[in-house]
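# below are the sequence and a predicted model; questions follow.
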Amino acid sequence: MVVYNLPEFRPPKLGKLKVKISNLSKEKLLVPLALAIIVSSVFGFIAGSISSSYFYVGIVDYLDRLNPSIAPKIVDKDLYIPQTSQEQAIIKVVKEVSPAVVSIIVTKDLPILEEYYYSPFEEFFNDPFFEFNVPEYRQKGVEKKEIGGGTGFIISEDGMVLTNKHVVLDEEADYTILTSEGEKFSAKILAKDPLQDIAILKINPEDNSSLKIFPKVKLGDSDKIQIGQTAIVIGYVLGRYQNTVSVGIISGLGRTITASGGGFYETLEDIIQTDAAINKGNSGGTLLNLRGEVIGINTAIDVEGQNIGFAIPINKAKRDIEQVKKDGKIVYPFLGVRYILITEEIQRENNLAVDHGAWIVSDPGEPAVIQGSAAQEAGLKEGDIILEFNGEKITLENSLAKIITKYNPGDEISLKILNGEKERIINKVILGERSK
């Protein structure tokens with residue numbers, strides 16, 4: 001324990017006080033004595049209050065000059081004071097990031113249908129007894145209607161917006177960006193990721209005639225996420241509640257999910273799981289850490305559970321952003337096979353020779369090996385198992401899709417293949433390009 005080094009205090013010695021009472025009775029002394037005690041108490045209380053306030057302010061001022069971090073802060077009593085450092089950090093993040101989080105409104109020209117009735121028997125029977133009217137509809141022009149919505153966030157000062165691919169699936173729809181300040185801008189789709197649920201939009205320059213500099217988010221490093229760390233979600237909930245905030249934790253990493261909706265589905269790998277509430281309309285919104293950095297793009301929920309939401313790691317989007325800025329499109333290397341990742345259960349059920357690898361199989365109406373692809377040129381066939389891709393073993397945790405994203409179209413790689421019980425190495429396989 002550390003204490004201040006102050007000199008020892010010693011009280012002065014007091015002599016004996018002699019008081020002589022004469023010609024006064026004890027009863028006559030009680031009234032003035034009581035009065036004196038009351039008066040001294042009142043004045044003592046007032047003096048104590050004034051001196052304590054004076055010395056408190058003086059001590060606070062001294063401590064603030066000595067070390068600002070340890071001095072108590074005198075604030076306006078009407079201001080909200082966060083109770084914890086975490087709460088303070090969350091409030092700060094929301095204030096800083098919200099201006100860069102936008103709502104995406106989806107509208108489309110839909111036909112106006114007019115209902116009328118007619119009798120199918122009118123030409124055969126001119127008798128009221130046979131009168132039978134059925135409804136029919138005919139188009140009476142078109143009108144623009146809102147058909148959906150989602151969330152996005154601005155990633156560049158000139159108005160580039162990142163969101164989910166499933167938010168902007170309809171090529172015939174119109175997309176409007178609504179900022180937290182209430183400004184509206186039309187937007188066009190720059191690119192959609194063929195493998196990830198990611199799309200990039202751009203605010204139309206003609207709508208931004210004043211050349212406004214847009215607030216943008218900071219992108220974090222999703223490879224450094226830890227299970228249990230705080231997660232903050234901001235989004236356009238239910239298409240009604242703009243920039244709604246929810247808070248939770250990162251509850252899982254490396255998930256593989258198959259997300260579906262609106263007739264669209266895809267399998268996503270290496271996904272973040274969070275218990276921060278993700279609702280309809282949150283799709284494409286930000287998953288943030290306490291530093292205010294985007295670490296994920298909210299994309300889906302598990303409707304069978306409670307507070308089980310999923311987000312795409314932001315590092316997967318960084319590659320897309322750079323490609324769009326450079327080439328105006330998103331491309332992936334393409335091998336050209338349909339496959340199932342082998343597990344012990346799949347091995348046992350299908351009597352396979354190995355418990356790992358990518359087993360090349362066909363879908364109903366879809367070939368196992370794509371015509372004209374690198375896989376076909378390399379001689380791969382249905383039933384083959386790809387064990388290694390350029391020396392990397394293919395497993396459930398290290399899938400073919402995960403490995404291939406490390407390469408670029410045109411790269412030359414090698415494959416280790418198992419055909420029946422015979423292994424072989426295929427060299428000089430040139431990867432193709434996939435942009436859809």
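Alright, I've got the coordinates.

# show residues contacting stretch 167-177.
Contact partners of stretch 167-177, identified using CB atoms under 8 Å, 6 or more residues apart in numbering, comprise 102-108, 144, 147-152, 159, 161, 184-189, 192, 199, 201, 203, 262, 264, 283-284. The C-beta positions use only the backbone N, C-alpha and C, and glycine is treated the same way.

# between the two ends of that stretch, how far is it?
End-to-end distance of stretch 167-177 (CA to CA, to the nearest Å): 12 Å.

# in strands only, show me the contacts of stretch 167-177.
102-108, 144, 147-152, 161, 184-189, 192, 199, 201, 203, 264 (DSSP state E).

# just the buried ones from those residues?
Neighbour counting over the ones in strands among the contacts of stretch 167-177 (16 or more other CB atoms under 10 Å) leaves 102-106, 148-152, 161, 185, 187, 189, 192, 199, 201, 203 as the buried ones.

# can you tell me what sits against stretch 201-208?
Residues outside stretch 201-208 that contact it (CB under 8 Å, 6+ apart): 104, 152, 158-161, 163, 168, 175, 177, 185-190, 214.

# next one: stretch 222-229
Where contact means CB under 8 Å, 6+ apart, the residues beyond stretch 222-229 that reach it are 249-253, 272, 289-290, 295-296, 313-316.

# of those residues, buried ones?
Burial by neighbour count, judged by 16+ other CB under 10 Å, picks out 250-251, 272, 289-290, 295-296, 313-316 from the contacts of stretch 222-229.

# distance-wise, check Ser362 relative to Val101.
With the distance defined as CB to CB, to the nearest Å, Ser362 ends up 43 Å from Val101.

# swap in Ile394?
With distances defined as CB to CB, the gap from Ile394 to Val101 amounts to 38 Å.

# same check on Lys108?
Going from Lys108 to Val101 by CB to CB gives 24 Å.

# quick one, what contacts the residue nearest the centre of the chain?
Most central in the chain under CA atoms, centre = their mean is Leu287, positioned 2.3 Å from the mean C-alpha point. Leu287 sits next to 231-233, 272, 274, 276, 294-298, 311 when contact means CB under 8 Å, 6+ apart.

# over to Thr405?
195, 319, 332-333.

# go on, Thr107?
Counting by CB under 8 Å, 6+ apart, Thr107 touches 144-147, 173-176.

# which of the residues you listed are buried, as a PyMOL select command?
Of the contacts of Thr107, the buried ones go into a single PyMOL selection, burial set by 16+ other CB under 10 Å:
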select buried, resi 173+175+176
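
# can I get the contacts of Thr107 in CSV with distance to Glu433 and pLDDT?
Shown next, in CSV, are those (distance: CB to CB, whole Å; pLDDT from 0 to 100):
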residue, distance to Glu433, pLDDT
Lys144, 37, 74
Lys145, 38, 82
Glu146, 36, 78
Ile147, 33, 79
Ala173, 28, 91
Asp174, 30, 92
Tyr175, 27, 94
Thr176, 32, 93
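
# tell me the one among the contacts of Thr107 nearest to Gly239.
Set against Gly239, the nearest of the contacts of Thr107 by CB to CB is Glu146 (7.9 Å).

# would you agree that closest one is in contact with Ser103?
No - using CB atoms under 8 Å, Glu146 is not in contact with Ser103; the gap is 11.3 Å.

# report the set of residues contacting both of those two.
Gly239.

# and Ile227, helix, strand or coil?
coil (DSSP: H, G, I helix; E, B strand; the rest coil).

# tell me how far it lies from Val303.
Here the distance between Ile227 and Val303 works out to 23 Å (CB to CB).

# which one's more surrounded, those two?
Legend: neighbour count by other CB atoms under 10 Å for Ile227 and Val303, higher for Ile227 (11 against 7).

# the more buried one and Val93, how far apart?
When CB to CB is applied, the distance between Ile227 and Val93 equals 20 Å.

# now Gly410
As defined by CB to CB, Gly410 lies at a distance of 41 Å from Val93.

# more neighbours: which of the two?
The residue with the greater number of neighbours, taking Gly410 and Val93 and applying other CB under 10 Å, is Val93; the counts read 22 against 10.

# need the contact list for the closest residue to the more buried one other than its chain neighbours.
Taking CB to CB, 6 or more residues apart in numbering, and ignoring the residues beside it in sequence, Val93 has Gly292 as its nearest neighbour in space, at 4.3 Å. Counting by CB under 8 Å, 6+ apart, Gly292 makes contact with 92-93, 96-97, 218.

# of the residues you listed, which belong to strands?
With strands defined by DSSP E, the entries of the contacts of Gly292 inside them are Lys218.

# quick check: which element contains Ser414?
Following DSSP states H and E, the helix or strand that holds Ser414 is strand 412-419.

# any low-confidence regions in the protein?
Using pLDDT under 70 as the threshold, the predicted model of the chain has low-confidence ranges 1-82, 113-139, 141-142, 208-211, 262-264.

# same thing but at 50, please
Of all residues in the chain, those with pLDDT under 50 make up the ranges 1-26, 29, 50-51, 53-57, 60, 63, 69-72, 74-75, 77.

# would you map the helices across it?
Along the chain, the stretches classed as helices by DSSP state H are 26-66, 85-97, 314-327, 344-350, 374-377, 400-404.

# against Val167, how distant is Ile249?
25 Å.

# ok, Lys184 - contacts?
Counting by CB under 8 Å, 6+ apart, Lys184 touches 176-178.

# who does it form a beta bridge with?
With beta bridges defined as DSSP bridges, Lys184 has these partners: Leu178.

# what's the answer for Leu287, then?
Partner residues in beta bridges with Leu287, using DSSP bridges, are Val233, Gly296.

# and the gap between Asn351 and Gly420?
The span separating Asn351 from Gly420 equals 12 Å under the rule CB to CB.

# the contacts of Gly292, buried ones only, as a PyMOL selection?
A single PyMOL command suffices to select whichever of those are buried according to 16+ other CB under 10 Å:
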select buried, resi 93+97
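
# show me which pair in the contacts of Gly292 is furthest apart.
The most widely separated members of these are Lys92 and Lys218, with 12.9 Å between them, by CB to CB.

# I figured Pro194 hits Ile330, correct?
Yes - under the contact definition of CB under 8 Å, Pro194 touches Ile330, with a separation of 6.9 Å.

# with that, I have no additional questions.
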